[in-house]
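1. Sequence and predicted structure are below.
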Amino acid sequence: MHKILFTLIAVAFAISNIAHAANKNEAASSSAGSGKKIVKWVDSKGVTHYGDKLPAQEAGRNNSEMNGQGIVLKHNVKIDPKNEILDQEKLEKEHKDKILLASYTNAEEIDLARDRNLQTDLAAIQALTQQKISTENRSARNNKTAQSLRARNKPLPPYLSEELRLSKIESANIDKQMAQRKLNMEATRKRYAEDKERFIALKQPASVGSGAGSLEATLTAAPTAAGSIAPEQITKK
């Protein structure tokens, strides 16, 4: 009787070991299968492909990475630099429009802001004009002295020659500065003219039936995102 009991216990123990080994092998197989990466992509003709990696000729194409059980682990989406630049430009334009609408209440205020910004260059040009007149008068006196000396066949003193040379350099520098100031004024007028044109366009009602009311309403309807500048927080120019 005891012999039969020991035999049954031994058989049960052996069966348990076999089952444990089978479960272990199954788990290892499942782990190995899940660790295998499968790449799925669609080529330019719309045909779906599977493989362990993208072929060289398909590099950069949108694809998905899956495990051995077909579960998607990762989506690799190609970023188009052109679209990224366009999106950034669009965001910058919208931000500029919001600031423009928050800075002015009417187009006349833009003209006033333009005139204020032109004052600095205008004052600089006036000062440079006076400086050039003074330089030219000094140069004229020195030239008259030089002509008198040459008429009497006398050499020009070194200081006089140096004065004439420096007067030419100073006059040329004044001309360059005045030209730059004028360019600044042209750029200022152009910038404010563009702002005024855009401001008027934003204030104009949208086309009938659009339901938007105006472009201004479209830009200001959405809540201000955290960290962004609210229109009422922007100081008027």
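-> Noted; the coordinates are in hand. Numbers count the residues shown, from 1 in each chain.
2. just the strands in the chain please.
-> Secondary structure of the chain (DSSP state E): strands at 38-42, 48-51, 63-66, 72-76.
3. helices and strands around the last one, which ones?
-> To tie it back to what came earlier, the one meant is strand 72-76. Contact here means 3 or more Cβ pairs under 8 Å, 6 or more residues apart in numbering; DSSP states H and E; on that basis strand 72-76 packs against strand 63-66. (C-beta placed from N, C-alpha, C; glycine too.)
4. Also the third one?
-> Counting contacts by 3+ Cβ pairs under 8 Å, 6+ apart, strand 63-66 is packed against strand 38-42, strand 72-76.
5. Out of those strands, which is the most enclosed?
-> strand 38-42 (a mean of 17; mean count of other Cβ atoms under 10 Å).
6. Partner strands of that one and their direction?
-> strand 48-51 (antiparallel), strand 63-66 (antiparallel) (DSSP bridges).
7. Can you tell me which of these is most buried?
-> strand 63-66 (a mean of 16).
8. CA-only coordinates of that one in CSV, if you can.
-> The C-alpha coordinates for strand 63-66 follow below in CSV (Å, rounded to 0.1, in the frame of the first residue of the first chain):
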residue,chain,number,x,y,z
ASN,A,63,6.1,54.1,-40.7
SER,A,64,4.9,52.2,-37.6
GLU,A,65,6.9,49.9,-35.3
MET,A,66,5.1,46.8,-34.0
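9. Could you list the residues in contact with that strand?
-> Residues outside strand 63-66 that contact it (Cβ atoms under 8 Å, 6 or more residues apart in numbering): Lys37, Ile38, Val39, Lys40, Trp41, Leu54, Val72, Leu73, Lys74, His75, Asn76.
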